[in-house]
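Colleague: Okay, here's the prediction I keep looking at, along with the sequence it came from:
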Amino acid sequence: MSSDVTMSTEIGTGASGKLKGLLRSVVTRESLFKTTYTAESDGQSFTASPSFPGSIIALDVSNGSYVAQRNAFLCAELSVNFGIYTVPGLGAALFGGEGVFLQGFSGEGLVFLEIDGYAKEITLGKGEVMKVSTGNVAAFEHTVEMNIEVVKGLKNILFAGEGIILTTLEGPGKIWLQTLDTLSLARKITPFLPDRKSSN
């Protein structure tokens with residue numbers, strides 16, 4: 001940040017109120033604290049960077065609300081409302097390791113999301129369906145309907161390496177997919193990490 005920008009950190013509630021803000025932080029595993037940056041004069045600047053290699057997308061919630069995976073929030077204007085989106089269906093708890101709750105954004109202004117890997121934007125027409133591997137759904141417009149379905153075919157389940165659950169996204173609306181699934185990445189590199197017990 002430039003020299004005439006001030007920062008203050010407090011329990012993050014946004015425009016949704018203290019109780020709702022705390023509940024949202026707990027169920028979406030966000031930090032309870034938010035930092036506000038304020039320009040005290042014209043011409044000041046502030047830069048935010050993602051916590052993991054990837055992309056940053058800016059969404060204007062003035063044009064409609066959005067849903068995003070947990071931990072996607074990077075920063076936003078104070079006029080943005082934060083909410084909780086409940087994944088539908090009995091398979092919700094299996095959704096890419098994300099659990100039942102996702103983040104919702106509405107209100108006015110810009111929200112910036114951090115996306116793991118490359119962010120692919122796709123516009124779905126009315127009734128058009130995209131089937132996505134679990135963990136690769138980054139965000140979507142509120143007009144998009146999300147559901148969970150079981151992969152068909154025993155050989156597909158056993159040998160395709162994609163798991164037994166797919167996420168379906170039905171238009172109309174825009175969706176953002178991410179090329180990198182950090183949960184899958186963590187599972188792949190774990191066997192190569194030093195064993196703490198053997199190193200002691």
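Modeller: Yes, it's here.

Colleague: Could you report the pLDDT at the most centrally placed residue in the chain?
Modeller: Centroid-nearest residue in the chain: residue 69, 2.6 Å away (criterion: Cα atoms, centre = their mean). For residue 69, the model assigns a pLDDT of 88.

Colleague: what are the phi and psi values for it?
Modeller: The phi and psi values for residue 69, taken as degrees, to the nearest 10, are phi -60, psi 160.

Colleague: cool, and residue 184?
Modeller: phi -70, psi -40.

Colleague: how close does it get to residue 190?
Modeller: 11 Å (Cβ to Cβ, to the nearest Å). For the C-beta atoms, the positions are set from N, CA and C on the backbone; glycine is no exception.

Colleague: Looking at the two, which one has more neighbours?
Modeller: Counted by other Cβ atoms under 10 Å, residue 184 and residue 190 do not tie: residue 184 has more neighbours, with 16 against 8.

Colleague: Run a quick neighbour tally on the residue nearest to that one when sequence neighbours are not counted.
Modeller: Using Cβ to Cβ, 6 or more residues apart in numbering and skipping residues adjacent in sequence, the residue nearest residue 184 is residue 135, 6.0 Å away. The number of residues packed near residue 135 is 22, by other Cβ under 10 Å.

Colleague: tell me the secondary structure for residue 135?
Modeller: coil (DSSP: H, G, I helix; E, B strand; the rest coil).

Colleague: Residue 179 is in contact with that one, correct?
Modeller: No. Counting by Cβ atoms under 8 Å, residue 135 does not reach residue 179; the two are 10.8 Å apart.

Colleague: Backbone dihedrals for the closest residue to residue 50 other than its chain neighbours, please?
Modeller: Spatial nearest neighbour of residue 50, excluding adjacent residues (Cβ to Cβ, 6+ apart): residue 114 at 3.6 Å. Phi and psi for residue 114, reported as degrees, to the nearest 10, are phi -100, psi 130.

Colleague: didn't residue 114 look like it was pressed against residue 74?
Modeller: Yes. Counting by Cβ under 8 Å, residue 114 touches residue 74, with 4.5 Å between them.

Colleague: Of these two, which one has the most company?
Modeller: For residue 114 versus residue 74, the count of surrounding residues by other Cβ under 10 Å is larger for residue 114: 23 against 17.

Colleague: any idea how far the residue nearest to residue 124 when sequence neighbours are not counted lies from residue 102?
Modeller: Leaving out its chain neighbours, the residue that sits closest to residue 124 by Cβ to Cβ, 6+ apart is residue 171, at 2.8 Å. Going from residue 171 to residue 102 by Cβ to Cβ gives 18 Å.

Colleague: Which one of those two is surrounded by more residues?
Modeller: Neighbours were counted for residue 171 and for residue 102 using other Cβ under 10 Å; residue 102 has more, 24 against 20.

Colleague: what sits against that one?
Modeller: 28, 67-70, 84-87 (Cβ atoms under 8 Å, 6 or more residues apart in numbering).

Colleague: Can you say which of these are buried?
Modeller: 28, 67-69, 84-85, 87 (16 or more other Cβ atoms under 10 Å).
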